[in-house]
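Q: Sequence first, then the predicted structure:
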Amino acid sequence: MSAFESVARAQEAVRGLRDAGFDDNAMSIVSGDQPRTAERDSHSLLGDMGVPVPDAHSYLHTTERGGAIVLVQVDDARRAAAVAVLERFVPIDVHADVEAGDRHAEVVVPVLEERLAVGKRDVERGGVRVYTRVVEAPVREQVALREEHVTVEGRAVDRPAAAGDEAFRERTIEVRQTAEEVVVEKQARVVEEVVITKDVGVRTEVVHATLHKTTVAVEQLEGARGGYESYEPGFESHYGKTLAQSGVTYAQCTPAYRYGYALARDTSLAKQRWQDVERDAKAGWEAQQLGTWERFAPAVRRGWEAVIGAGDNSSKQQHHA
């Protein structure tokens, strides 16, 4: 059994074994591309071959990182020949590979933060609709009309006939009479204008939203140097001087000291002042329902200041001791 850095290299090793006369049925490749059920079968197969459990884990760890294992079942007489063939394809040391992977392993914790993007869009908010209609309205106008009337009358005279009288000559005389009549003419005139305009105004509207972000709190594990335990003597001293007379026990205050300690370990809050984080600290404390904020706020603040370094000199000395 040998491990290789890639499936392709393992396949080359299998071809080398085949060329050396080894039976295909006696060879197999185990890789990370196999389903979970096959992975469990691989554990069983390595166990059946007498591979110790720690070594089996080391070999299968190689497959998780893109490598592959070549398994060959041969008798003792051909074992050395099989090993010689596999060595030509440069197998890897699984134990060294696992140790190196452990040394260089890193855990990446993404810190997410929502950001508010405010845009604008046009919406309809009513308006006006203007109609025009044609209506009829009767009108009355007085017009003075001139009329001519011809009057024929006779009058008695007695004078000698003059030359211009054209005596004894027949004539026809016409005198026409005229009159004015009403002629109606309609003319369209613009007497009024209806003007429709839009006034554009700008108003300011405040947008309220709740954004979420990821905060990272770093706390030393139990027993590690610089962890919560290194601050605990200072917390006990603070309790005795400040909170012992308030009727709460130190055990009741311990979650508050731990909460303040954890807040100070939050990398996004570490450089802020207590006045800047107190509101968020209060909201987080009340969400846990561990007691009223007013009662335990001094312990929370003391836990914060002990880590940040804003407390008294005794707490700083305790931290650096």
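A: Sure thing, it's come through. Please read all numbers here as calculations on a predicted model, not as lab measurements.

Q: Put the alpha carbons of the helix or strand containing Ser237 into CSV.
A: Assigned by DSSP states H and E, Ser237 belongs to helix 228-238. What follows is helix 228-238, C-alpha atoms only, in CSV (Å, rounded to 0.1, in the frame of the first residue of the first chain):
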residue,chain,number,x,y,z
TYR,A,228,-10.6,34.3,31.8
GLU,A,229,-9.0,32.6,34.8
SER,A,230,-6.1,35.1,34.9
TYR,A,231,-8.6,37.9,35.4
GLU,A,232,-10.8,36.2,37.9
PRO,A,233,-8.9,37.3,41.0
GLY,A,234,-9.4,40.9,39.9
PHE,A,235,-13.1,40.2,39.4
GLU,A,236,-13.5,38.7,42.8
SER,A,237,-11.8,41.8,44.3
HIS,A,238,-14.1,44.1,42.3
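
Q: what packs against that helix?
A: Applying 3 or more Cβ pairs under 8 Å, 6 or more residues apart in numbering; DSSP states H and E, one finds that helix 228-238 makes contact with helix 250-265, helix 293-308, helix 313-320. (C-beta placed from N, C-alpha, C; glycine too.)

Q: go with 6 Å
A: Packing partners of helix 228-238 (3 or more Cβ pairs under 6 Å, 6 or more residues apart in numbering; DSSP states H and E): helix 293-308, helix 313-320.

Q: What separation is there between Val190 and Ile196?
A: Per Cβ to Cβ, to the nearest Å, Val190 is found 16 Å from Ile196.

Q: oh sorry, the question was meant for Tyr131
A: Taking Cβ to Cβ as the measure, Tyr131 falls 12 Å from Ile196.

Q: Check Val123 too.
A: Distance check for Val123 against Ile196: by Cβ to Cβ, it reads 20 Å.

Q: And for Ala162?
A: Per Cβ to Cβ, Ala162 is found 82 Å from Ile196.

Q: cool, and Gln142?
A: From Gln142 across to Ile196, the span is 39 Å (Cβ to Cβ).

Q: Compare the two (neighbour count), which wins?
A: The neighbour comparison of Gln142 against Ile196 (other Cβ atoms under 10 Å) goes to Ile196, with 7 against 4.

Q: Tell me the confidence at the more buried one?
A: Looking at Ile196, its pLDDT reads 89.

Q: Ok, Glu181 next?
A: For Glu181, the pLDDT comes out at 91.

Q: mind checking which helix or strand it is in?
A: For Glu181, there is no host helix or strand (DSSP H and E).
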